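> what follows is a predicted structure for the sequence shown.
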Amino acid sequence: MKNLKVPLAIENYIDNLHKRVTEAPLGRYLKDMAGAYQDAESVLVEDNPLVYRFWTFEPFPGGEGELAFGMTDLYPGLVGQEYFMTAGHFHRGSGGEIYVGVAGEGLLLLLTRDGELETRTVVKDTLVYIPSGWAHRMVNIGDETLRFTAFWPTGIEHDYASIRRDGFGYRVLKTEDGPKVVKCK
Ligand code: S6P
Ligand code: ZN
């Protein structure tokens, strides 16, 4: 068997995945992604909240056809009317991904480079297939931490720059009638 530095089995993986992947999770604070929100500056005057943390595991060496995986904890919160969300990214070139909801309630935004949008609600045990070519951003529309696991091909590059530059085209706002997806002007 190839000597991949990857655990072949993780028992009770929801509780243990984060202990078996990157030693320290990556934390994204509001300041790291201020441009993603319409009204980050007014929050940053007072506070710089931790929006989410994520752990990733890339098998090493990760030859073609291997899989990377990870887990994200996206905290509940608002920036103005906008829910806490991930930065979101495209995969450069080709490469799909699978998200599986573990806890909480999320809305996954999927976007093509032509601006076509799809949304899917993600709760515990929801599996979403993210086709190659679609950017993905998770939004926490619930009151508790949204936890999801992700599986994607090794060797792909994450393109954050496109979303940072062009935005996602849509915002998810908290309203009296629940979450509302609005097109950015
Ligand atoms: C990687 C996968 C996730 C995200 C994580 C954080 O392909 O989509 O592990 O990296 O949810 O989101 P983002 O947009 O900051 O990478
Ligand atoms: Zn991805």
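Looks like it arrived, so ask away. Ligands and ions are numbered 1, 2, ... in the order given.

> when you work out contacts or count neighbours from here on, use the C-alpha atoms and nothing else.
Noted.

> contacting residues for the closest residue to ligand 1 within the chain?
Going by C-alpha to the nearest ligand atom, ligand 1 is nearest to residue 88 of the chain, at 3.3 Å. Counting by C-alpha atoms under 8 Å, 6 or more residues apart in numbering, residue 88 touches 135-138, 160, 163.

> go ahead and confirm residue 141 touches residue 78.
No: Residue 141 is not in contact with residue 78 according to C-alpha atoms under 8 Å; the separation is 9.5 Å.

> look at these two and report which has more neighbours.
Using other C-alpha atoms under 10 Å, the more surrounded residue of residue 141 and residue 78 is residue 141, with 29 against 18.

> can you pull the contacts of the closest residue to that one other than its chain neighbours?
Nearest residue to residue 141, sequence neighbours excluded (C-alpha to C-alpha, 6 or more residues apart in numbering): residue 106, at 5.3 Å. Residues counted as contacts of residue 106 (C-alpha under 8 Å, 6+ apart) are 121-123, 138-142, 146.

> what is the nearest of those residues to residue 129?
residue 122 (11.4 Å; C-alpha to C-alpha).

> list phi and psi for the spatially closest residue to residue 158 that is not a sequence neighbour.
Among residues not flanking residue 158 along the chain, residue 91 sits closest, at 4.8 Å (C-alpha to C-alpha, 6+ apart). The phi/psi pair for residue 91 (degrees, to the nearest 10) reads phi -90, psi 130.

> one step back: and the contacts of residue 106, which of them are in helices?
With helices taken from DSSP state H, there is no overlap with the contacts of residue 106.

> can you name the residues of this protein that neighbour ligand 1?
54, 70, 72, 86-89, 137, 150, 152 (C-alpha under 6 Å from any ligand atom).
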